[in-house]
Every structure is written in C-alpha cells, then in structure tokens.
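> Attaching a predicted model along with its sequence, questions to come.
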Amino acid sequence: MSDQCVPEVAPPFTVAIVGAGIGGLALTQGLRRHDVPFTLYEAAPSFSTVGAGVGLGPNAIRAMEMIQPGFTELYESISSGNVTPGKDHVMMDAMLVEEGLGEKRGLRPMSYGAPCYDRTSAHRKDLLDILTAGIPEESVRFNKRVKSLSQNERGVAIVFEDGEIVQASCAIGSDGIKGVTRGAVLGGRWPEYVEAEYTGKYVYRSIIPMRDAMRILGNDVDGNNIAGDAKMFMGDKSIVTMFPISKGTRSNMVCFRLDDGLWTHPEWTKPVAREEMIRDIANLGVDKRLVKLLDWANPLQWALFHHLITPTYFDRRLCLLGDSAHATLPHQASGAGQCIEDALIMSRLLALVKHESQIQAAFSVFDGIRRPRAQRVVQTSQEAGDLCAFRAPGIGSNMNKIVENQAQRYFWIWLHDLNEDVRKAELEFKVMTRRPIDTASLHHE
C-alpha cells in the first residue's frame with residue numbers, strides 16, 4: 001500500500017494552552033510527561049526573560065517535583081536562601097518600616113517560619129528557564145495573542161489578533177489576570193466576576209546588587225546584616241519586603257503603598273517621575289535606608305488586583321488555570337505555588353482522558369478539587385496583607401501577636417497532601433466517566 005493510502009490517525013483530543021507563565025509552562029511539562037497532545041500559544045515573541053523574585057513554598061516544590069521529576073535539584077541550583085547561619089527555615093524577619101526599623105523602640109527582628117519550610121527564592125527568569133526545558137519547538141507558537149474564544153460542536157475555536165483561527169478539543173487559559181479566557185468562561189453567567197478587583201495597594205519594585213543593599217541597610221542590633229536575610233518591614237501605610245535572589249548576588253525589594261482610593265489610571269502600571277516616587281514613600285515616614293534603595297527602582301506604580309471570588313473555573317471545554325482563575329496578593333508567597341498545584345491536578349486528569357467527550361468531566365473534577373483551596377489562598381492572602389498593615393481585628397500593631405499569627409497561618413498551605421488530591425481527582429474522574437476503578441493504578445508518588 002502506498003503512503004498516500006495510509007489513513008492518518010488523529011489523536012483522541014487536542015489541548016490548547018493559552019499563556020506561557022508559570023502555570024502554563026508547568027502544565028506543558030505535565031502533559032508532555034503523560035504524552036497528552038498540546039499546543040502552547042504565547043502572545044510574546046519568546047518565553048519571558050523579565051520578572052522579579054519568586055518564592056516557592058514546600059507544597060509548590062513537591063507539586064513541581066511530581067510534575068517534573070528532578071525539578072527540586074534544578075531549583076536548588078538557582079535559588080537563594082538567608083545568609084545568616086541557622087536561618088534556613090526562617091521565612092521572614094519582621095521589623096517596622098518606620099525610621100529606625102523599630103529598633104528605636106527597642107524592638108529586635110522577630111523571625112517566623114517552620115522546620116518544614118526552607119527559605120528559598122529565585123529570579124523568575126531562572127525559574128522559567130527550568131520550566132521551559134525540553135518543551136518541543138513544534139508544540140509552542142509565539143506572537144499569538146488571543147482575541148476571542150468560542151465553543152462549538154467540535155470543541156473550542158480560538159481567534160487570534162493576527163486573524164488566524166485554530167480549533168482544539170479544549171482550551172486551558174493560563175493567560176494571567178487580564179487574559180481573555182476568564183471572560184469566555186464567566187462572561188455568560190457571571191459577568192460581574194470577570195474583571196479583577198483593585199486591592200487598595202500599588203507597589204514599586206527594585207532589584208538591588210546585594211553589596212549595595214548590605215552597605216546601605218547595615219547591621220541590626222544582633223549584628224546580622226539586614227539585607228542578607230528575608231525581611232518584612234511592616235507599617236500602616238507602607239509595607240516593604242526584601243529577600244535574596246540570583247544566588248544571593250541581588251536583593252529583590254517590593255515596596256507596597258496602601259491606597260484606600262480607587263485605581264483610576266487606564267493601565268495597571270503608571271509611570272511617575274522619580275522624585276514623585278521617592279516623595280510618595282518618604283512622606284510616610286519610611287526609614288531613609290529603605291527609601292534610598294528606591295534608587296534602583298523603575299519609577300512605576302504597579303497596581304495590585306486580585307480575583308477574590310470566582311464562581312467556577314470551567315465552562316464545558318474551556319477551563320481557567322493559574323492567575324486567570326485565582327490571581328492573588330503576594331502576602332503569603334503562595335501565588336506561584338497555586339499555579340503549579342493547578343498544573344499537577346490538570347495534567348493528571350487529562351492523562352486519563354481517552355476521548356474528548358470526557359474533557360468536561362476532567363474539568364469538573366479539577367474545579368471541585370482546586371477551586372476551594374485556591375480561593376482560600378486568595379482570601380487569606382488579603383488577610384495576611386491586612387495583618388502586616390496593622391489592620392487585623394484584635395491584633396492591630398501588636399508585633400508579638402502579628403508574628404504569632406504569621407508563624408501559624410501557613411501550615412495548611414505548606415503541608416497539604418498533594419498525593420491525596422491526585423488520588424481523589426483520579427478516583428472522581430473514573431467514577432464520573434463510569435470507567436472501571438483499578439485502585440492499584442492510582443498514582444501515589
């Protein structure tokens with residue numbers, strides 16, 4: 001028989017992934033491992049090379065190791081921890097943002113963390129380099145900005161701004177907080193929840209050479225350099241976080257400005273004069289050393305938005321993943337981890353799909369397992385921000401109570417049983433699709 005007479009066997013279904021952020025890339029690694037056919041569409045001309053520091057908690061590292069065996073070793077090769085000996089398990093040292101950093105009041109740095117937590121942070125670019133490793137070139141299409149998505153009898157039609165239209169069995173939107181997939185999923189039934197909400201905060205971001213940060217900040221009353229370890233400087237009008245990145249050669253600083261008004265600028269980033277940025281923070285009584293570190297900042301106000309309520313993560317063959325589903329404030333350092341947990345559960349479910357008619361069942365199980373936990377992270381991250389801004393009821397500016405709360409609030413995130421989530425997801429999918437249940441085949445990594 002000639003080659004022309006051999007029928008081409010199509011895969012049972014095709015997955016379109018929209019967006020190559022942390023969640024989308026983690027999902028591609030999971031699908032690649034389980035031989036699920038996919039195409040990743042990214043609006044940018046290449047994988048992102050910009051970004052700042054990102055931290056992964058123990059749950060995130062476990063989830064990524066389950067997706068991409070060997071990840072932990074690679075992550076350790078790019079991540080940075082605290083400099084001071086004995087602080088490997090300290091998440092943050094709490095200090096005040098005011099002049100003197102609290103030491104004028106006799107306050108010492110107050111640490112919180114846990115034995116289960118290893119203090120690590122990395123530059124986002126370095127993390128993405130790991131997540132993109134091994135992804136086949138033919139499975140990625142760049143310069144593909146989505147204009148709209150619609151569902152039809154064959155699945156999902158994706159219209160790009162360049163005019164191209166592609167068809168897929170399903171589409172997973174990891175296109176971020178402003179992506180179009182969220183509107184496609186929620187717009188018909190819950191249009192009031194499509195747009196993200198302004199959180200009443202904007203930030204200035206700096207990446208500072210560690211030698212300069214250490215020189216400017218100096219030592220604390222215990223003789224430890226302030227910049228060498230992760231810090232949370234708290235205050236009622238401004239919060240500043242700092243932690244080492246790039247193998248300890250640089251410090252990532254995020255300066256939060258509390259703003260109880262509305263965000264009226266048409267874009268979520270607002271360029272300002274450098275003098276205005278300095279004045280905006282200095283006039284709040286922030287320690288002059290922290291203000292000096294803004295010399296390395298881009299004079300840009302980044303407004304912080306989140307999705308406090310998301311009624312569902314899917315609609316038939318469309319599903320949200322990562323920030324498009326549950327964009328969150330960074331006050332619990334758990335946003336990236338939730339994206340990775342999404343990717344773990346989604347990849348395991350799609351690995352069980354044998355026919356495109358089962359995709360909706362996979363998305364339904366994903367929604368039932370991931371949405372309650374991820375939305376709780378969004379809610380509690382807002383509460384953690386209130387805590388650091390002295391707005392928590394019954395706690396206020398009492399640093400002892402704040403640190404006590406911080407020391408306890410993360411365990412449900414860090415110690416979550418991901419193996420049980422996978423087991424539950426696979427079992428529920430098999431029940432929903434009425435497939436024979438072979439408990440020995442369920443994953444227990």
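Arrived safely, thanks for sending.
> Checking residue 426 next. Helix, strand or coil?
Look at residue 426: counting by DSSP: H, G, I helix; E, B strand; the rest coil, its state is helix.
> Ok, residue 254 next?
strand.
> can you tell me how far residue 113 sits from residue 409?
12 Å (C-beta to C-beta, to the nearest Å). C-beta coordinates here come from the backbone N, C-alpha and C atoms, glycine included.
> what does residue 316 give?
The gap separating residue 316 from residue 409 is 37 Å, by C-beta to C-beta.
> and what of residue 87?
19 Å.
> ditto for residue 391
The gap separating residue 391 from residue 409 is 15 Å, by C-beta to C-beta.
> what do you get for residue 26?
In terms of C-beta to C-beta, residue 26 sits 25 Å off from residue 409.
> Would you mind telling me which of these two has more residues around it?
Neighbours were counted for residue 26 and for residue 409 using other C-beta atoms under 10 Å; residue 26 has more, 29 against 15.
> before we move on, which element is the more buried one in?
helix 22-33 (DSSP states H and E).
> Would you mark the buried spots in that helix?
22-32 (16 or more other C-beta atoms under 10 Å).
> can you put those in CSV and add distance to residue 310?
What follows is the buried residues of helix 22-33, written out as CSV (distance: C-beta to C-beta, whole Å):
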residue, distance to residue 310
22, 18
23, 14
24, 18
25, 22
26, 19
27, 18
28, 23
29, 25
30, 22
31, 23
32, 27
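> Where do the helices of this protein begin and end?
22-33, 58-67, 71-78, 124-131, 181-186, 210-217, 274-282, 288-292, 323-326, 335-350, 359-388, 399-408, 411-414, 418-432 (DSSP state H).
> so the second one versus helix 335-350, what angle?
With axes from the mean of the first three to the mean of the last three C-alpha atoms, to 10 degrees as the basis, helix 58-67 and helix 335-350 are set at 30 degrees to each other.
> number of nearby residues for residue 162?
Residues near residue 162, counting by other C-beta under 10 Å: 9.
> Please report how far it lies from residue 150.
17 Å.
> Any idea how far apart the tips of stretch 377-396 sit?
End-to-end distance of stretch 377-396: 22 Å, with C-alpha to C-alpha, to the nearest Å as the criterion.
> contacts for that stretch?
199, 201, 232, 234-237, 239, 256, 258, 306-308, 326-332, 334-335, 338, 397, 401-402, 405-406, 409, 413 (C-beta atoms under 8 Å, 6 or more residues apart in numbering).
> OK, contacts around the one residue sitting closest to the centre of the chain?
In the chain, the C-alpha nearest the mean C-alpha coordinate belongs to residue 336, at 2.4 Å (C-alpha atoms, centre = their mean). Residues near residue 336 by C-beta under 8 Å, 6+ apart: 22, 54-56, 60.
> do residue 271 as well
Neighbours of residue 271 in contact, by C-beta under 8 Å, 6+ apart: 299-301.
> now swap in residue 247 and tell me
Counted by C-beta under 8 Å, 6+ apart, residue 247 has contacts 78-80.
> Over to residue 272?
280, 299-301.
> tell me the domain boundaries of the protein?
By the assignment in automatic domain parsing, the chain contains the domains 15-76+124-196+309-441, 81-119+197-306.
> how far does the helix or strand of the chain with the lowest mean pLDDT sit from the chain's center?
Between all helices and strands in the chain, the lowest mean by mean pLDDT, DSSP states H and E belongs to strand 53-55, at a mean of 85. How far strand 53-55 lies from its chain's middle: 9 Å, per C-alpha atoms, centre = their mean, to the nearest Å.
> Quick one: residues in contact with it.
With C-beta under 8 Å, 6+ apart as the criterion, strand 53-55 contacts 22, 120-124, 127, 207, 243, 245, 252, 333, 336.
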